[in-house]
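Student: Got a predicted model here, sequence first, then my questions.
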Amino acid sequence: MQYTSKPYQQHRFINADGAVESPLPDYLDADFLLKSYRTMVMIRTFDQRVVALQRTGQMGTYASCLGQEAIGTGIGLALGKQDVFLPYYRDQATQYLRDVPFQQQLQYWGGDEWGNHFTGTAAQDFPNSVPIATQVTHAAGVASAIKIRGEKRCALVTCGEGATSRGDFYEAMNLAGVWQLPMVMVVNNNQWAISVPRSIQTGAETIAQKAVAAGIEGFQVDGNDVSAVFDAVRHAVNKAHQGKGATLIEAVSYRLGDHTTADDATRYRAHDEVNAAWLREPVKRLRTYLHEQALWDEQQEQALLDACKQEVESAVQAYLQLPDQPVSDLFDYLYEELPVHLMQQRQAALSKAAKAEGE
Amino acid sequence: MQYTSKPYQQHRFINADGAVESPLPDYLDADFLLKSYRTMVMIRTFDQRVVALQRTGQMGTYASCLGQEAIGTGIGLALGKQDVFLPYYRDQATQYLRDVPFQQQLQYWGGDEWGNHFTGTAAQDFPNSVPIATQVTHAAGVASAIKIRGEKRCALVTCGEGATSRGDFYEAMNLAGVWQLPMVMVVNNNQWAISVPRSIQTGAETIAQKAVAAGIEGFQVDGNDVSAVFDAVRHAVNKAHQGKGATLIEAVSYRLGDHTTADDATRYRAHDEVNAAWLREPVKRLRTYLHEQALWDEQQEQALLDACKQEVESAVQAYLQLPDQPVSDLFDYLYEELPVHLMQQRQAALSKAAKAEGE
Amino acid sequence: MGMPESNIASLDKKHSPGDPATPHIVTMIDAINMALHRAMASDSNVVVLGEDVATNGGVFRATVGLKERFGHKRVMDTPLAETLIAGISIGMAAQQLRPVAEIQFMGFIYATMEHIVSHAARLRNRTRGRLSCPMVLRAPYGGGIHAPEHHSESTEALFAHIPGLRVVIPSSPTRAYGLLLSAIEDPDPVIFLEPKRIYRMVKQEIYDDGVGLPLDTCYTLRQGEHITLISWGAMVHETLQAADQLQEKGISAEVIDVATISPLDIDTLVASVQKTGHCVIIQEAARHCGVAAEISASLQEQTFTELKAPIARVTGFDTPMPYLRRENIYMNHADDIVTAAMKTLEAL
Amino acid sequence: MGMPESNIASLDKKHSPGDPATPHIVTMIDAINMALHRAMASDSNVVVLGEDVATNGGVFRATVGLKERFGHKRVMDTPLAETLIAGISIGMAAQQLRPVAEIQFMGFIYATMEHIVSHAARLRNRTRGRLSCPMVLRAPYGGGIHAPEHHSESTEALFAHIPGLRVVIPSSPTRAYGLLLSAIEDPDPVIFLEPKRIYRMVKQEIYDDGVGLPLDTCYTLRQGEHITLISWGAMVHETLQAADQLQEKGISAEVIDVATISPLDIDTLVASVQKTGHCVIIQEAARHCGVAAEISASLQEQTFTELKAPIARVTGFDTPMPYLRRENIYMNHADDIVTAAMKTLEAL
Ligand SMILES: Cc1ncc(C[n+]2csc(CCOP(=O)(O)OP(=O)(O)O)c2C)c(N)n1
Ligand SMILES: Cc1ncc(C[n+]2csc(CCOP(=O)(O)OP(=O)(O)O)c2C)c(N)n1
Ligand SMILES: [Mg+2]
Ligand SMILES: [Mg+2]
């Protein structure tokens, strides 16, 4: 597929009915589709389990990625090991594909900084960004470092469509344009920023057209079609690797769940809208397609579900058994070397903890 | 002239040679052109005098508007008394046309807060904004207030092209788009942000196209053609008054002087470029046009120059004789009512000043 | 129209302001909601804006019912942009509106700082009274609620250092109601920080009478003879608990809620310490350059001869608030305050 | 290659680093330029970025010659966007570059605060040491140079309150050179504030030997017996003048330049005050919740029994810096410090 900077065109291969809308290129083969499908089902299984954990008081506030699995999966499969990923907080799928195990993701959401101590592929990735859009400027910095060193890598950053209202987003995109940075920006347009619908977030017809402000390429993809997401990201990543500059991808999807476990979306959005969105969600459409292509059957489905449950469950059990980190960790990673005046405070914290445990 | 949101088109009536490029509408009549011309000459006279004052130690750091007189003049003539003007720091012309007398402008640049105590037309205008681009969000706030109250007024804000790199610019423009605010943004694209040329400020081909990011109308005008500036601003102001939303105008011009009196532009830009820019400057082209239309002659020119010198000089003399504001003013406008704990500090300041004067 | 018990304003019900003579038994978050309703009803220039404040009624429900009652023109969901929220509030205020803007959590307030420091705090001064900035910037703040990262900050000291602002922190439903009304009525910018840990901790009887509480005074919550305990925000509760514990030991502690940390009513604090000769200042925030330091320094300057022991500070560590599993270690509790108080008294 | 006198690095000439054994007699701004050259030459990960830092060499000429020598890939003019400058520095630092970013004036630093507070200060802690943020944010600060509004701020206290940062302020060419080198070499984020009033005030002999000065210590500039004068930044000069004036009165003042205001080397200060029993802290910034308050509070805690008089503060007023015509009233001068010192001593 050819990508242009016409921002209004929404790329899609497989539509909401699981039917082919435009023919899949060779590289989007059965292997790819099956891997995508398995990943999405795995992530959905995980996601539901974490929500359940939260409901039973075993988890901190959690941001579900329900409905956005195709975006994270497409990115995770398209991004290279050498690239740097700067996530927002619904990138469970990408993190999973970049070797951040579920157990560690649970540790993060469960309120332990060690959940950000990634190893392997994600060793240079950023942790989830809570202050909306700030990761986009960090990505521009990572991409600058890559460009300064002349490496064949890129920075891929994600955010929500709400994040595109923040200065960080534009400042970074503008830099990406003028410095021709090896950077890919993927906006998860899930139509809502907590209770604020897309329509009152911006007057722009699309998020993709914001790329025009920076003179970079921008376009929409159907964020519920994992093949379209993958293809778009692959295009943008290749372009970045070739030194051809930055890309803004608007992945159009829908937040099927509450904003977080602390939210109740029924307060502000209509059932009908959510029901309609369920008809376009990414997992079912790919299953339909795979079924129709005879690449998948009920037995495989059941086996997959079982495998997912098992993998998730063993991560959950490991998470639940994690001891609290030592109190000294509160101090020992603040600076490379602890300044003298903090030694006393560290000691005080240890005593306080000892006392608390004594009680 | 019809304005569209095609961002690439540069509107112009009178070109650099003083020749008509597209016919002037009736309302851009001799009266208008003569008034514009007189204003621009007045401002240039003032501007040069302030620079001279600074060189002789009688003035603080000053930002010249040399070369940008047409933008300020066009805005000043098009904006209504009921509208609110939020300037940056090269808007001497607009301020002058909005009844901020030279003496007061000198007072501001000379380092006295009373220079911001505007009366008359400018009574609700903002003072010059030093932190780049922050005035743009203020303008969105003013425009919001106007919209909330349903008034037929608008907020007009100016900034440099450098300012368009800051988050404030985009955040405000985005709001203007989604709330359909009665707001006009005029970017003085003078090609330089101190030492940073337009080409490394953004990768966008034009500043005007940044409007696309917010879904508002945006276009370029020749910022050296006062009639084009006036016409564009008039269009945008009318549109705002009619509740039809915001407009971004890129007025393309050139900073003929140093950035400020603290700067030396020869360090970073080529003589040739500056010389070429002088060929396009706004005052001469209009003089040529007026001469050719037999609306102006040498005698009138000399009379005007004399009148300008006189007006400026009497303002300068008044400025030079201004006493320092009382020291108590440092405290008396900080809050509506001075908090108790500051009374002591106020007293201390008065004693300190008395002691210093005693010495 | 006396309101029956069942009409007492409560969390998720739209607040209907009634007869000011009828008591409402409410939490702090309800009191804030009541004050917002009251302020909007009595002054049409009051507008409310922020992320999720309109349709959703705020993520903590502080603004519930406002949009329905006062309309979308006066209760505005903004795009997700804190710099913008601060900036447009300034523009609105300069046009004589009285914007009450919400920053969803104090951890997201930093993007507003340029506007608050360089503009809101200075607009009146810069224009010698021509323009002014009667805005309120509300933000839930503080830790102890097991929230995600950045949702537990106490960085009130940053604003307290800025001349031209008022920084106000309620610590009870009554003070939340009264101080917020006064903050909205105040002709100058007010940073109004709401200790969210106690949003729903206690209920108090409040009369929705539209009467504000003064912003230029500290509130003495308990008289005492032996030691002065000074605090603000959520820590006032631990401080009161500590005073109870001290009482059991026969020590009578004076407890003062600073409430407005800037400009500071130092006189009330000085008078108390002159009386007791002992002082502990309790702040949730990190220690270094916190507000407790200012209070300690000022008190020391003015009560040097009366001081019987060093003024002590009970504060957070100079580390970020830990992620939730270790949050408890960061927070101070009543016995930490008691320990500090006893140490001070033993220094006698 | 011994450098002849004429090669001494001077303001507008490109600095050519020479034999570290040859002395350079330089101003503070030259010393900063020298340190930047030295750091970039010795570590290819050091990059410089900001507004007007490359082609123009910085509006104060701090970065002159760097672009010519190290190329545009390592010396970058950014678009006009302070949030971006801070944000990309963090991204670069996480990739093991050592960005030295300039904010043109401290008055424009507020837009960086979200990134500094929420990310730079926390990246290492948040990732338990996996990523770190060895960046330096340089900014000229302070008043007294008759600059336009927003060009004279001293808001170092805002950064001093944030755990995870180092806040470093040189007050002489020697310390500017040594502290900046150490700041760049430091594995953690450093806010490096340059008192621009003294950029060109004094010259000192410096050896461009690449040797840094410790960031974890205060610098005792003058030994004394009767009173401790504590300051930082440009006010160190007025403080030294005050010490001279006191000397004439037979009073021997110990003068300490705090240099690193956070984390603070309180021990050096405590030892001095224990010796002298008297202390004046001098800060240019507004009084309320400034760094002087922290120093006073901490000293009071640790030297209570040795203190012979209240610790005094000489500070700016709690107002914005006035526009230039009245700036002089805001600034403190040597005799203001002497007056405070005498008052303290008379309290004996
Ligand atoms: C700077 C900042 N402001 C506010 C918040 C609170 N907040 C968390 S998520 C969110 C909405 C984000 O919407 P969007 O960017 O569309 O992402 P989504 O959650 O929909 O995936 C808000 C306002 C925050 N985390 N950071
Ligand atoms: C927030 C902020 N950053 C930096 C500065 C310093 N500064 C003053 S003017 C200027 C360049 C502005 O360029 P532009 O917006 O193009 O306006 P121009 O001066 O060219 O008219 C800079 C960097 C400032 N005043 N405010
Ligand atoms: Mg969203
Ligand atoms: Mg410019």
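Tutor: Noted; the coordinates are in hand. Ligands and ions are numbered 1, 2, ... in the order given.

Student: Report the contact partners of the residue positioned nearest the centre of chain C.
Tutor: With distances taken as C-alpha atoms, centre = their mean, the residue of chain C nearest its centroid is residue C:169 (1.4 Å). For residue C:169, the contacting residues are C:141, C:156, C:192, C:193, C:194, C:195, C:232, C:233, C:258, C:259, C:260, C:261, by C-beta atoms under 8 Å, 6 or more residues apart in numbering or on different chains. C-beta here means a position set from N, CA and C on the backbone, and glycine is covered the same way.

Student: quick one: which of those has the most company?
Tutor: Neighbour counts for the contacts of residue C:169 (other C-beta atoms under 10 Å in any protein chain shown) peak at residue C:232, which has 32 neighbours.

Student: Looking at per-residue confidence, what score does the closest residue to it other than its chain neighbours get?
Tutor: Distance criterion C-beta to C-beta, 6 or more residues apart in numbering or on different chains; nearest residue to residue C:232, sequence neighbours excluded, is residue C:258 at 4.2 Å. Turning to residue C:258, the model gives it a pLDDT of 98.

Student: okay but residue C:258 is in contact with residue C:216, surely?
Tutor: No: using C-beta atoms under 8 Å, residue C:258 makes no contact with residue C:216, being 11.7 Å away.

Student: which residues do those two both contact?
Tutor: Counting by C-beta under 8 Å, 6+ apart, the residues touching both residue C:258 and residue C:216 are residue C:265.

Student: where's the residue nearest to the centre of chain C relative to ligand 2, distance?
Tutor: Using C-beta to the nearest ligand atom, to the nearest Å, residue C:169 is found at 30 Å from ligand 2.

Student: same question, residue C:308
Tutor: Applying C-beta to the nearest ligand atom to residue C:308 and ligand 2 gives a distance of 50 Å.

Student: Could you do residue A:263 as well?
Tutor: On the measure of C-beta to the nearest ligand atom, residue A:263 and ligand 2 end up 35 Å apart.

Student: Can you tell me the closest non-neighbouring residue to residue A:277?
Tutor: Spatially, and ignoring its direct neighbours in sequence, residue A:277 is nearest to residue A:254 (3.8 Å; C-beta to C-beta, 6+ apart).

Student: now swap in residue C:274 and tell me
Tutor: Residue C:274 sits nearest to residue C:306 (C-beta to C-beta, 6+ apart), 4.7 Å away.

Student: I figured that neighbour hits residue C:272, correct?
Tutor: No: with contacts counted by C-beta under 8 Å, residue C:306 stays clear of residue C:272, the gap being 10.5 Å.

Student: Neighbour count for the two, which is higher?
Tutor: Taking neighbours as other C-beta under 10 Å, residue C:306 and residue C:272 compare with residue C:272 leading, 23 against 14.

Student: Any chance you could list what contacts the helix or strand containing that one?
Tutor: Secondary-structure assignment from DSSP states H and E places residue C:272 in helix C:266-276. Here helix C:266-276 makes contact (C-beta under 8 Å, 6+ apart) with B:340-341, C:217-218, C:220, C:224-228, C:230, C:254, C:256, C:258, C:279, C:295, C:298-299, C:302-303, C:306-307, C:311.

Student: at 10 Å instead, please
Tutor: Contact with helix C:266-276 is made by B:340-341, B:344, C:217-220, C:223-230, C:252-256, C:258, C:279, C:281, C:294-295, C:298-303, C:305-308, C:311, C:345, D:288, as judged by C-beta atoms under 10 Å, 6 or more residues apart in numbering or on different chains.

Student: Compute the number of surrounding residues for the residue nearest to residue A:65 when sequence neighbours are not counted.
Tutor: Nearest residue to residue A:65, sequence neighbours excluded (C-beta to C-beta, 6+ apart): residue A:90, at 4.2 Å. Residues near residue A:90, counting by other C-beta under 10 Å, number 27.

Student: Shouldn't residue C:256 be within a helix?
Tutor: No: counting by DSSP: H, G, I helix; E, B strand; the rest coil, one finds residue C:256 to be strand, located in no helix.

Student: Okay, it and residue A:116: tell me how far apart.
Tutor: 40 Å (C-beta to C-beta, to the nearest Å).

Student: ok, now residue C:251?
Tutor: Residue C:251 sits 45 Å away from residue A:116, going by C-beta to C-beta.

Student: more neighbours, the two?
Tutor: Neighbour totals were compared for residue C:251 and residue A:116, and residue A:116 leads with 24 against 18 (other C-beta under 10 Å).

Student: Report the contact partners of the more buried one.
Tutor: So residue A:116 contacts A:100, A:104, A:107-108, A:122, A:125-128, C:149, C:323, D:123, D:125-128, D:130-131 (C-beta under 10 Å, 6+ apart).

Student: For it, which non-adjacent residue is spatially closest?
Tutor: residue A:127 (3.8 Å).

Student: Please confirm that the one you found is located within a helix.
Tutor: No: Residue A:127: not assigned to a helix; according to three-state DSSP it is coil.

Student: So it is in contact with residue A:109, correct?
Tutor: No: using C-beta atoms under 10 Å, residue A:127 makes no contact with residue A:109, being 11.6 Å away.

Student: Quickly list what's touching both of the two.
Tutor: A:89, A:115.

Student: Identify the residue spatially nearest to whichever residue of the stretch 1-150 of chain A sits closest to ligand 2, adjacent ones excluded.
Tutor: Nearest residue of the stretch 1-150 of chain A to ligand 2, counting by C-beta to the nearest ligand atom: residue A:137, 15.6 Å away. Nearest residue to residue A:137, sequence neighbours excluded (C-beta to C-beta, 6+ apart): residue D:87, at 2.5 Å.

Student: now residue C:123
Tutor: residue C:133 (4.4 Å).

Student: wait, what's in contact with residue 115?
Tutor: Going with chain A. So residue A:115 contacts A:100, A:103-109, A:127-128, A:319, A:322, C:323, C:325, D:126-128 (C-beta under 10 Å, 6+ apart).

Student: looking at chain C here, not the other one
Tutor: B:131, B:134, B:137-138, B:141, B:168, C:82-91, C:121, C:133, C:135, C:137, C:189, D:110-111.

Student: Where does chain A get nearest to chain D, which residue?
Tutor: residue A:141 (2.0 Å; C-beta to the nearest C-beta).

Student: Provide the count of other residues in contact range of that residue.
Tutor: 32.

Student: and it, that's in a helix?
Tutor: Yes: counting by three-state DSSP, residue A:141 is part of a helix.

Student: separation between it and residue D:44?
Tutor: For residue A:141 relative to residue D:44 (C-beta to C-beta), the value is 18 Å.

Student: For the stretch 51-200 of chain A, give the residue positioned nearest to ligand 1.
Tutor: residue A:160 (2.0 Å).

Student: Name the nearest residue to that residue, ignoring sequence neighbours.
Tutor: Residue A:160 sits nearest to residue A:188 (C-beta to C-beta, 6+ apart), 5.2 Å away.
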